[in-house]
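Undergrad: the sequence and its predicted three-dimensional model are supplied below.
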Amino acid sequence: MNHSVTRPQLFFLIVKTQIGIGLLSLPSKIQSSAKGDAWISVLMAGAAIQLLLIVYSQLLRKFPNQTLSDITIRLFGVYIGKAVNFIYYVLFVLIAGYAITLYVRLVHIWMLPMTPGWVLLLLIIGTGIYLALENLRVIARFFVLTSVLFGLLILISTLNFTNELQVANILPVGESGFAHMVQGSEKTVFAMFGFEVILYFAAQVQNNGKSLIRVFSFANGFVTLFYAYFVFLCLIGFSPKVLERVNEPVLYMFKGLTYQLFDRLDLIFLAIWIIPMTATIVSYLCLAGKSLTANQSSYRKLIWFSGVLVYLLGLYLSSMESIDLFRKWVEYGYLAMIAALPFLLWLASFLLKNKKKVGSA
Amino acid sequence: MKSTFRRTPLAPQAGSFPIALEAGSIERKIDQVNAYMSHTEDLMIRRIETNDQSYALLYLEGLVDKDFMQAAIIQPLQESIELAPGQVVSSASIAKSSDVVRIGRALLEGYCVAVTENDSEAVMMSAGKKEGRSVEEPRSEQIIKGSHEGFNECLSTNIYLLRKRIKSPKFKLGYYTLGSVTNTKVAIIYMDDLADPKIVEECLKRISSIQLDYLYSAGNIDEWLEEHPFSPFPQTIQSERPDRVVSYLMEGKIAIAVDGSPNVLVLPITFFSFYQSPDDYNSRWIIGSFYRIIRLVSFILATCLPAFYIAIVSYHSEVLPIGILYSVKVSLTYVPLPPILEALLMQTILELLKEAAIRLPSPIAQTIGIVGGLVIGTAVVEAQLVSHTMIVVIGLTAIASFATPLNEFGTSLRILGFPMMLAAALFGFFGISIMLMAIFIHLCKIETLGVPYFTPFGPFKGKENAKDMYLRLPRWMDDKEPQSGKSNPLKPLFSGRWKRS
């Protein structure tokens, strides 16, 4: 059976994976370093990712129809290649576990303070596995379907314009200086993780012989603007001092809105936001499966196994007092694996090309 | 694709061994047929003696048209001189066989069988009677405007109703005989040029694999064909409306008609087909689209409304502003039951009322409606067993679920409402989100005969299908040419289709 996906589907696969829990607390995180220029930091992060995406597309063009795990095996040989893929697998599971911990924590704080964490974890992982077990085409269908909700979220967010907004908060533009902005964009990149799905999913795109860079760029552009828009809203909606203290400013922003029929729009927003957050988990489970196997039946087994691993990891991390150290290690390790290593692979592919033609086999 | 239909009623059937008719006296032959038909007493034998021949006509009393037999078979045979029955009889279908099994089958089809002294082959002449309801409007799928014809229990009438609407040589029909005891005739109908050959092949393969003794109705076949028996969503449409089935046939779908059942099965079907009604096409497109949207809203209402209410009153009452919250909470103050039990109770009462009223003659059903709806509804609130708001919520949910054009689908929706309510009672909005996600993942997952169930949303086909799915845009906006499927360069533009000169 043909399990390929179309280009628009790839677009939504990327976007849905990237947009997730990171955005909710992003504005206050960047604001602590970049101040009023936080929105510029987001754009800079988008530009940095764009550079990386160019490397990705060059790499993928050299190896059409191959996922990252195929490429590592080709370039490093079977043993080292498999070891590298295993590192990827571990990282995907760790990232999924980290994301799910934040997710459960968020639901705990905002929605269900009394429900035990393990039940929430079970529900999320259960839904995640239910979808991740299927082939990529089905996952893409669901992602495309639920992308309608982004429109709804943007619609809800426009309600904030009725609030008192202080455009002066972001002025003067560029006040905080370049170094601070770079610091801010570093944090943004972590919140934008998810573009690396390209390395695994692009291989399944219909006639991917043509360059996919346009799809990548559109996805990146969309995510960057989406993030910048929400960061911007928060910057002009909160005074700088408040913004530093609030944990999830994007949600908090909606708390102030009140209407005749409805209060607490933040809860509605969060109820919708649950879907992109779960989608992120699904993507990482799927990546974890794909990083080690290409065969559908072993993929299914691996998804079950990784699901259990993520569940246990989530349980463990939820019980920890602070996961800052864990976060730091995972984030930088992950960044190295998805930015530095593909770059090296790309360079290595040049060396290989001198010896034998790569794309021929 | 080669023709896969082989089993016409008079052809030898695979699996049954032929029993040769013995040559010799007429009595011997009659005995043999009689024994094969278990000496049933409605097997009539009429002897005809002419100058040179003696015949015995065998037929099953209830199945043949006696007037026709008298005029077209008995009379010519009596008057014939030295001619074989095949030459004088004016029956529509005549065949010869010396196989008792085939003769038996012919008798059961309403044929009249003539055996003679010296010929070992019997002549089978069609003389079947057609009796049944006249063509009426189906009760379960009434519409306001448009055709009021409905299928009935006679297969040939049903095929007539379809053929009358599609006068095309591409209208292809194949007969199958299902049920090893009942030998029910089943017709598989599709447009040869429009239906996807792969889907047709798969469907025929599944139908020929059906092994059962007794075929009740079209619903039986549905159970054998569907791929996801544990899914709450129906994967075929059973319709009693010829116009509906015709529109599906023209979309390249397959219709299965079963003799004795007024429901015609259509497959492969998608989610949005359940929200289309012939009414949409018989009125103007704005009205059609409006009602489509209303029906799609009803899907969300029927599955989520009680859950939403439960989540709000038990977890997130802060969502309501103080004014509304006050009136809701006041009505809840003296209610002893938790909201989930309240909702379950009311839903159960509602289903009970519906189930009780559905089979009663309409005057009694009305009484039940009054007693159930008004008396119980008012009393339950006055006794403070259930809150006012809950009655409103459940009432709305029920109405929303009845708004689907096909009753079967509405029931699935109400059933889906139960796990939804449970999730809401346990986890509030989070539960609703997770549950909705699970439902939509399920919808994206299932496929019927290789066609994704949630087309065009699942695999997003954009403009191609959207025109007739969640909206009902004008027919002329369809930029495909009807026959060739090519784009029409002379397509009239949106504005000024017909200009006043």
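TA: In hand now; what should we look at? Keep in mind the model is a prediction, meaning the values are calculated, not measured.
Undergrad: give me the low-pLDDT residue ranges for the chain?
TA: You didn't say which chain, so I picked chain A. A:1-3, A:207-211, A:353-361 (pLDDT under 70).
Undergrad: chain B was what I was after
TA: B:1-16, B:81-83, B:85-86, B:456-471, B:475-501.
Undergrad: burial of residue 203, as a residue count?
TA: In the absence of a named chain, chain A is used. 22 (other Cβ atoms under 10 Å in any protein chain shown). Backbone N, C-alpha and C define where each C-beta goes, glycine included.
Undergrad: to clarify, I was referring to chain B.
TA: B:Cys203: 21 neighbours (other Cβ under 10 Å).
Undergrad: need the contact list for it.
TA: B:Ile188, B:Leu225, B:Ile254, B:Leu267, B:Leu449 (Cβ atoms under 8 Å, 6 or more residues apart in numbering or on different chains).
Undergrad: tell me what the fourth one is bridged to.
TA: It refers to B:Leu267. When bridges are called by DSSP bridges, B:Leu267 pairs up with B:Ile254.
Undergrad: my read: it touches B:Gly252, true?
TA: No: with contacts counted by Cβ atoms under 8 Å, B:Leu267 stays clear of B:Gly252, the gap being 11.4 Å.
Undergrad: for chain B, which residues are neighbours of chain A?
TA: Residues of chain B lying near chain A by Cβ under 8 Å from any Cβ of the partner chain: B:315-316, B:318-321, B:323-324, B:427-434, B:437-438, B:440-441, B:444-445, B:452, B:454, B:457-460.
Undergrad: buried ones only from the residues you listed, please, as a PyMOL command.
TA: PyMOL command restricting these to the buried ones, with burial defined by 16 or more other Cβ atoms under 10 Å in any protein chain shown:
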select buried, chain B and resi 315+316+319+320+324+427+428+429+430+431+432+433+434+437+438+440+441+444+445+452+454+457+458+459+460
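Undergrad: now, which of the residues of chain B next to chain A lie within helices?
TA: B:323-324, B:427-434, B:437-438, B:440-441, B:444-445 (DSSP state H).
Undergrad: okay, now B:Arg295: neighbour count?
TA: By other Cβ under 10 Å, neighbour count at B:Arg295 equals 20.
Undergrad: can you check A:Leu292 too?
TA: Residues within reach of A:Leu292, counting by other Cβ under 10 Å, total 19.
Undergrad: what's the nearest residue to it if we skip its chain neighbours?
TA: A:Tyr89 (5.3 Å; Cβ to Cβ, 6 or more residues apart in numbering or on different chains).
Undergrad: any idea how far that neighbour is from chain B?
TA: Counting by Cβ to the nearest Cβ, to the nearest Å, the gap from A:Tyr89 to chain B is 24 Å.
Undergrad: same for the longest helix belonging to chain A, what does it pack against?
TA: Determined from DSSP H, the single longest helix within chain A is helix A:78-110. Other helices and strands packing on helix A:78-110, by 3 or more Cβ pairs under 8 Å, 6 or more residues apart in numbering or on different chains; DSSP states H and E, are helix A:68-76, helix A:117-132, helix A:265-292, helix A:296-319, helix A:324-335.
Undergrad: got the buried residues for it?
TA: Of the residues in helix A:78-110, A:81, A:84-85, A:88-108, A:110 count as buried by neighbour count, 16+ other Cβ under 10 Å.
Undergrad: now for the residue nearest to B:Glu447 when sequence neighbours are not counted, how many residues are close by?
TA: Closest residue in space to B:Glu447, ignoring its immediate chain neighbours: B:Tyr453 at 6.1 Å, by Cβ to Cβ, 6+ apart. Neighbour count for B:Tyr453, taken as other Cβ under 10 Å: 23.
Undergrad: now the two most distant members of the contacts of B:Cys203.
TA: B:Ile188 and B:Leu449 (12.9 Å; Cβ to Cβ).
Undergrad: quick one: contacts for residue 349?
TA: No chain in the question, so chain A it is. Going by Cβ under 8 Å, 6+ apart, A:Ser349 touches A:Leu59, A:Lys62, A:Phe63, A:Leu75, A:Val358.
Undergrad: actually it's chain B I care about, not the one you picked
TA: B:Gly372, B:Ile376, B:Val380.
Undergrad: cool, A:Leu153 as well?
TA: Applying Cβ under 8 Å, 6+ apart, the residues near A:Leu153 are A:Phe269, A:Ile272, A:Trp273.
Undergrad: any idea how far chain B is from the first one?
TA: Translated: A:Phe269. A:Phe269 is 10 Å from chain B, by Cβ to the nearest Cβ.
Undergrad: surely that residue and A:Ile156 touch.
TA: Yes: the pair A:Phe269 and A:Ile156 qualifies as a contact (Cβ under 8 Å) at a distance of 5.9 Å.
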